[in-house]
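Enquirer: Any chance you could fold what I've pasted below:
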Amino acid sequence: MSAPKPSLPNKPNAADRVRSADLPVAWIMMLGLIVAVGPLSIDMYLPALPSMAEDFGVSTAFMANSVPAYFLGLVFGQLFYGPFSDRVGRVKPLYMGMILYVIASIVCATTDNEYVLFIGRTFQALGACVGAVVTRAAIRDRLTAKQTAKAFSIMILVMGLAPILAPSLGALFLKFFNWHSIFWFLAAFGALNLLLTKFFFFETLTEENRNVRPAREVLSQYWDLLKDPTFNYPAIGGGLLMGAMFVYISSASELIMDTYGVSATHFGWLFGMNAAGFVGLTQLNQWLTNRFRILSILRFGAMMQVISAAALFVTGIIFGTDAWLPLVLSCIFFCIAGLGLTQPNASAIALAFQKRRAGMASALQGSLMFSVGIFGGLLLNLFPLNPVLKIGIALFVLMSLGAYLIWQIDRDLDLDTAE
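Expert: Next comes the predicted model:
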């Protein structure tokens, strides 16, 4: 009788790698590269919005609607990939999503019609969102709740370079080429993700942990998730807090470049500063999780965001567009940086008790975030208020609601009991 063939060293069997005792830092950083396609796709073309608007013969505010169009694809794409990955595993959905992303990026790079661009952006998001869903679920497959919070912090360190560098990189492309080149670059990055999936991503969902319930029950399973207090408070609360950032992204070009006349290059630097604050606090979060309860850190971060948003709101009421730009940017900085304390911990709590539906939980959590981004971004265009006040209202309302829900999480919730 012949001996069984050994597993490849870089792709072990899922059963051998699930719930590991050590934190697999290199693997987590690789996941961060896969997820980085999302923030790259959102942020890299923001400096190009004015020039794109000029080429298409529309306003910058109209062209900025391509951001909510992207968020729309993120919402529905995640809701599909979540249950699909719980059923077939984590690898196949990654291949599907990244192939779709590459094709859609090429469509965006070659179009000369703004509506085709909007459609291309939506399909680009339908492909890109698979990375966020699958990587969060894969981390939940392997790690404990406290490890998960640390893992999300490490992953954000890698993927967080994307929003820091993306606007400046986009401005650099505009300096030497045109806006079409940005989408060609994104297509190439999607192809890189396919290679990472092929050679370095292994299956984390064991056969016995797959969701075998009929596909027709997907909606009822999502409803069950929303009724679960171990999921709904951290997921919806964290979604509102993170969604506020996407509202800011939708209006950043109009606020900073159109209202204050900041150049595309300087816009990239200012945008990157906010992302750097976000990444910096996620790394502080790793240290804090060894010394404080995850829920306590989450609540502190939420209050930091609410106070900063309130300051921006008051600034918009009193000064409007005459507000001192460094003051406006400082308020926004602390709103965004606070996500470094809220997002890893809200995600860790929301996923902790979702053993057989981690993909669905990851998808629903992500969809909630981007739903807020869609409707918040569209609502900004409906009110004839000055840009500073508009974004101040949006951030304050969303972050106040998010913090309220965070405070509803059971303070005695024991994450160590999660399987």
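Enquirer: okay, CA-based contacts and neighbour counts for the rest of this
Expert: Noted.
Enquirer: how much distance is there from the helix or strand Ala149 falls within to the middle of the chain?
Expert: Following DSSP states H and E, one finds Ala149 within helix 145-159. Mean-position distance between helix 145-159 and its chain equals 13 Å (C-alpha atoms, centre = their mean, to the nearest Å).
Enquirer: Might you list the low-confidence residue ranges for the stretch 251-400 of the chain?
Expert: Low-confidence segments of the stretch 251-400 of the chain, defined by pLDDT under 70: 373-374, 376-383.
Enquirer: any chance you could map the helices in the stretch 301-419 of the chain?
Expert: Remark: helices assigned in the stretch 301-419 of the chain by DSSP state H, counting those that start in this stretch are 325-337, 339-352, 358-380, 387-406.
Enquirer: Quick one, which of the ones you listed gets closest to Leu46.
Expert: Nearest of the helices of the stretch 301-419 of the chain to Leu46, taken as C-alpha to C-alpha: helix 358-380 at 14.5 Å.
Enquirer: I figured Gly131 hits Val35, correct?
Expert: Yes: between Gly131 and Val35 there is a contact under C-alpha atoms under 8 Å: 5.0 Å.
Enquirer: Do I have it right that Leu194 meets Pro93?
Expert: No: using C-alpha under 8 Å, Leu194 is not in contact with Pro93, being 11.3 Å away.
Enquirer: now Val116: how far from Phe76?
Expert: Applying C-alpha to C-alpha, to the nearest Å, the value for Val116 to Phe76 is 19 Å.
Enquirer: Of those two, which one has the most company?
Expert: Per other C-alpha atoms under 10 Å, whichever of Val116 and Phe76 has more neighbours is Phe76, with 19 against 14.
Enquirer: any idea which helix or strand carries that one?
Expert: helix 66-88.
Enquirer: Can I get that helix in PDB? Just the C-alpha atoms.
Expert: Extracted C-alpha coordinates of helix 66-88, given in PDB (Å, rounded to 0.1, in the frame of the first residue of the first chain):
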ATOM      1  CA  SER A  66     -19.000  57.300  -8.900                       C
ATOM      2  CA  VAL A  67     -18.000  56.800  -5.200                       C
ATOM      3  CA  PRO A  68     -21.500  55.800  -4.100                       C
ATOM      4  CA  ALA A  69     -21.800  53.700  -7.300                       C
ATOM      5  CA  TYR A  70     -18.700  51.800  -6.100                       C
ATOM      6  CA  PHE A  71     -20.200  51.400  -2.600                       C
ATOM      7  CA  LEU A  72     -23.400  50.000  -4.100                       C
ATOM      8  CA  GLY A  73     -21.400  47.100  -5.600                       C
ATOM      9  CA  LEU A  74     -19.600  46.600  -2.300                       C
ATOM     10  CA  VAL A  75     -23.000  46.200  -0.500                       C
ATOM     11  CA  PHE A  76     -24.500  43.600  -2.800                       C
ATOM     12  CA  GLY A  77     -21.300  41.800  -3.600                       C
ATOM     13  CA  GLN A  78     -20.500  41.100   0.000                       C
ATOM     14  CA  LEU A  79     -24.000  39.800   0.700                       C
ATOM     15  CA  PHE A  80     -23.400  37.200  -2.100                       C
ATOM     16  CA  TYR A  81     -19.800  36.200  -1.200                       C
ATOM     17  CA  GLY A  82     -20.500  35.800   2.500                       C
ATOM     18  CA  PRO A  83     -22.900  32.800   2.300                       C
ATOM     19  CA  PHE A  84     -21.100  31.500  -0.800                       C
ATOM     20  CA  SER A  85     -17.800  31.300   1.000                       C
ATOM     21  CA  ASP A  86     -19.400  29.600   4.000                       C
ATOM     22  CA  ARG A  87     -20.700  26.900   1.700                       C
ATOM     23  CA  VAL A  88     -17.700  26.300  -0.700                       C
END
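Enquirer: Identify the residues contacting stretch 90-105?
Expert: With contacts defined as C-alpha atoms under 8 Å, 6 or more residues apart in numbering, stretch 90-105 is touched by 81, 84-85, 120-121, 123-131, 134, 138, 183-184, 186-188, 190-191, 193-194, 197, 201-205.
Enquirer: Now that stretch: buried residues?
Expert: For stretch 90-105, the neighbour count (16 or more other C-alpha atoms under 10 Å) marks 90-91, 93-95, 97-105 as buried.
Enquirer: next one: stretch 362-372
Expert: Neighbour-count burial for stretch 362-372 flags Ser362, Ala363, Leu364, Gln365, Gly366, Ser367, Leu368, Met369, Phe370, Ser371, Val372 (criterion: 16+ other C-alpha under 10 Å).
Enquirer: Now for those: which two are most distant?
Expert: Going by C-alpha to C-alpha, the pair spanning those furthest: Ser362 and Val372, at 16.0 Å.
Enquirer: other SSEs contacting the longest helix belonging to the chain?
Expert: Taking DSSP state H as the criterion, the chain has its longest helix at helix 114-142. Where contact means 3 or more C-alpha pairs under 8 Å, 6 or more residues apart in numbering; DSSP states H and E, helix 114-142 is packed against helix 25-35, helix 37-43, helix 66-88, helix 91-110, helix 145-159, helix 358-380.
Enquirer: how many neighbours does Gln286 have?
Expert: If we define neighbours as other C-alpha under 10 Å, then Gln286 has 20 of them.
Enquirer: element containing it, please.
Expert: Here Gln286, judged by DSSP H and E, is contained in helix 264-288.
Enquirer: how distant is that helix from the center of its chain?
Expert: 14 Å.
Enquirer: how about it: buried residues?
Expert: Across helix 264-288, burial judged by 16+ other C-alpha under 10 Å covers 264-283, 285-286, 288.
Enquirer: which strands and helices sit next to it?
Expert: helix 145-159, helix 161-176, helix 325-337, helix 339-352.
Enquirer: Buried ones in the third one, by neighbour count?
Expert: When neighbours are counted by 16+ other C-alpha under 10 Å, the buried residues of helix 325-337 are found to be Val328, Leu329, Cys331, Ile332, Phe333, Phe334, Cys335, Ile336, Ala337.
Enquirer: do you know how far the last one is from Met399?
Expert: Distance of Ala337 to Met399, computed by C-alpha to C-alpha: 13 Å.
Enquirer: Ok, the third one next?
Expert: Note on Cys331: its distance to Met399, by C-alpha to C-alpha, is 13 Å.
Enquirer: nearest to Glu54, of the helices and strands packed on helix 114-142?
Expert: Per C-alpha to C-alpha, nearest to Glu54 of those: helix 66-88, 14.7 Å.
Enquirer: now the angle between helix 91-110 and the closest one, please.
Expert: Interaxial angle of helix 66-88 relative to helix 91-110 (axes from the mean of the first three to the mean of the last three C-alpha atoms, to 10 degrees): 160 degrees.
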